[in-house]
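Trainee: Pasted the sequence and its predicted model underneath.
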Amino acid sequence: MWLWQMKLWGLGPGRVRWKGGFHSPLVLLRLVSGCRAPLVTATALVNHWTQLFEKRGVPEARESSEYIVAHVLGAKTFQSLPVSQRFASITDLQREQIAKLCTQRLQRMPVQYVIGEWDFQGLTLKMESPVFIPRPETEELVNLVLHEESQRCQESRAKGTVSHQLHSGPLILDLCCGSGAIALSLLSKLTQSRVVAVDKGEEAVKLTRENAQRLHLENRIQIVRHDITSGVNSEQLLPWGPMGLVVSNPLYIFHYDMEQLAPEILSYEDTDSLDGGEDGMRVIKEILSQAPKLLKDSGSIFLEVDPRHPELVGNWLQSRPDLDLSILATHIDFCGKPRFLHIHKSRGTGR
Ligand SMILES: C[S@@+](CC[C@H](N)C(=O)[O-])C[C@H]1O[C@@H](n2cnc3c(N)ncnc32)[C@H](O)[C@@H]1O
């Protein structure tokens, strides 16, 4: 979530931009059999609101209006509506609902908050301001963890050390969990794992709990309200013992970059989700300082960071040999920027 956020809306997974033709605004069709009353169709409304958004400088105008119209008509995307429904008349109530939601978008509310949900790693998560909206690159962070875990399983199988115990998947700690996006997507894929999800925000904790219940994953997750700058509370954070993995997409924006963020972000997302202090490392350093006490021997940390951070984190870790942490790999995101750190705890730390 660095400065790409200028254009974050609408490019999430599974939501495909519609390449449909252009139609005249608002009122499009007339009944064939002599009726003069104009029909307001879904397509006409998409075009009407797209034009208005464009005129008022709302980014991703067409995507926004398509999502809102589709949502009111009970679909995820406009493209997934049957063609007949796109050109059929819509009711007055639907038109009013669309107008209400589009008015919120005109006020620069992110479309994810307007429609109240968003997809992440194939899961539909409830979204509510001011809890951070999960970004597409964080799905890559989840993929890295899944890849690492599948390699670990293959190695165990090759060595004949596969555990047949119930819950033999890794114990995972998601620090700064927000809406629960990382924690819940990992739980949905790693069916033997359990997760502790931690956030200091009351709204975030509540939303993660609600999302876990909606997705029927509440039995394998502990959701804890905790400020990680206040130290480790082992009873709360390690209910099942030391963790195999710590995963985090923490707040890491450099303070002086904050003012460049889009109005959607500054007005509707919690600043506590974003501002990582002078060098963006305030919470990253806390996570790294505490990780050795939270991880079992040879455990791993996966972190999403700003492209300037891999070098800063490497230097900082060199100044903290007491932590016995080392960067195992730096991975790039879909824009080719170094954004993900895989950090390893050497055997025997945890002091
Ligand atoms: C960038 S958001 C990431 C949310 C989620 N991991 C995601 O990727 O969608 C950072 C989160 O860290 C939480 N946070 C900020 N400071 C914290 C702290 N000191 N301790 C725990 N959580 C914190 C915020 O409330 C916010 O939900």
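Mentor: Right, received. Where do you want to start?
Trainee: So E286 versus G280, what's the distance?
Mentor: Distance, E286 to G280, by C-beta to C-beta, to the nearest Å: 13 Å. Just so you know, the C-beta spots here come from the backbone N, C-alpha and C atoms, and that holds for glycine as well.
Trainee: Give me every residue in the stretch 201-350 of the chain lying close to the ligand.
Mentor: The stretch 201-350 of the chain has residues G201, A204, D227, I228, T229, N249, P250, L251, D270, D272, S273, V283 near the ligand, with proximity defined as C-beta under 6 Å from any ligand atom.
Trainee: Any of those buried? List them.
Mentor: G201, A204, I228, N249, P250, L251, D270, S273, V283 (16 or more other C-beta atoms under 10 Å).
Trainee: Which of these fall in helices?
Mentor: Per DSSP state H, helices hold the following members of those: A204, V283.
Trainee: and the residue of the stretch 251-351 of the chain found nearest the ligand, what does it touch?
Mentor: Here the stretch 251-351 of the chain gets closest to the ligand at one residue, S273, 3.8 Å apart by C-beta to the nearest ligand atom. Taking C-beta atoms under 8 Å, 6 or more residues apart in numbering, we find S273 in contact with P130, V131, F132, G178, G201, L251.
Trainee: okay, E155: pLDDT?
Mentor: As predicted, E155 sits at a pLDDT of 80.
Trainee: Mind jotting down where the strands sit in the stretch 201-350 of the chain?
Mentor: With DSSP state E, counting those that start in this stretch as the criterion, the stretch 201-350 of the chain has strands at 221-225, 243-248, 295-304, 325-332, 338-345.
Trainee: Would you point out which residue of this protein is nearest the ligand?
Mentor: G178 (2.5 Å).
Trainee: isn't that residue right up against R135?
Mentor: No: using C-beta atoms under 8 Å, G178 is not in contact with R135, being 10.3 Å away.
Trainee: Max pairwise distance over the buried ones among the residues of the stretch 201-350 of the chain next to the ligand: which two?
Mentor: Across those, no pair lies farther apart than I228 and D270, at 15.7 Å, counting by C-beta to C-beta.
Trainee: coming back round to it: name the residue in G178 and R135 with the higher neighbour count.
Mentor: With neighbours defined as other C-beta atoms under 10 Å, G178 and R135 compare such that G178 has more, 29 against 21.
Trainee: which SS state does the more buried one fall under?
Mentor: Of the three states, G178 takes coil under DSSP: H, G, I helix; E, B strand; the rest coil.
Trainee: Report pLDDT for the spatially closest residue to it that is not a sequence neighbour.
Mentor: For G178, ignoring the flanking residues on the chain, the nearest one in space by C-beta to C-beta, 6 or more residues apart in numbering is F132 at 4.2 Å. F132 carries a pLDDT score of 98 in this model.
Trainee: Next: N233.
Mentor: Looking at N233, its pLDDT stands at 84.
Trainee: dump the residue contacts of it.
Mentor: H226.
Trainee: quick one, phi/psi of F132?
Mentor: Torsion angles at F132 (phi, psi; degrees, to the nearest 10) stand at phi -50, psi 130.
Trainee: Run a quick neighbour tally on it.
Mentor: 27.
Trainee: In contact with it: list those residues for me.
Mentor: M1, G178, S179, A204, E269, D270, S273, L274.
Trainee: Same check on V305?
Mentor: Contacts of V305 (C-beta under 8 Å, 6+ apart): Y252, G280, I284, V313, R339, F340, L341.
Trainee: go again using 7 Å as the cut-off
Mentor: Taking C-beta atoms under 7 Å, 6 or more residues apart in numbering, we find V305 in contact with Y252, I284, V313, R339, L341.
Trainee: With adjacent residues omitted, what lies nearest to the last one?
Mentor: Right, L341. Spatial nearest neighbour of L341, excluding adjacent residues (C-beta to C-beta, 6+ apart): L303 at 4.6 Å.
Trainee: For burial, what's the neighbour tally of the one you found?
Mentor: So L303, with other C-beta under 10 Å, has 25 neighbours.
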